[in-house]
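Student: here you go, sequence then predicted model.
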Amino acid sequence: MDTVTVSEAKATLSRLLQRVLDGEEIAIGRRGRPEVVLRRYRPADGPPRRLGGYTGPYRMSDDFDEPDEAIQSMFEGETP
């Protein structure tokens, strides 16, 4: 993956876009460090997901809201 500076990207955007369309990924960086990556957009497979659309049966355990000792110990900085 090639890395170009912001000013190089501004000056050669059309060429960079063509390289991306040809399959390359190009990093744009500042001060010698990559900051962002240009890559070809690929839409998600299938139709968009709709929130709240699940209508099937579900099961929730009776103790789903009980404290979990392992999780609590992780919040306190301990390892389980």
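Tutor: Good, I have the coordinates.

Student: which helix or strand contains G53?
Tutor: Using DSSP states H and E, G53 is not contained in any helix or strand.

Student: nope, V4 is what I meant
Tutor: strand 2-5.

Student: what's the first helix or strand after that strand?
Tutor: That would be, after strand 2-5 and using DSSP H and E, helix 6-11.

Student: which positions in that following helix come out as buried?
Tutor: A9 (16 or more other C-beta atoms under 10 Å). (C-beta placed from N, C-alpha, C; glycine too.)

Student: stretch 54-69 now?
Tutor: Under 16+ other C-beta under 10 Å, stretch 54-69 has no buried positions.

Student: span of it from start to end?
Tutor: End-to-end distance of stretch 54-69: 31 Å, with C-alpha to C-alpha, to the nearest Å as the criterion.

Student: now stretch 29-40
Tutor: 18 Å.

Student: pLDDT on that stretch, on average?
Tutor: Stretch 29-40 carries an average pLDDT of 94.

Student: for the protein, what's the longest helix?
Tutor: Looking across the chain with DSSP state H, the single longest helix is helix 13-21.
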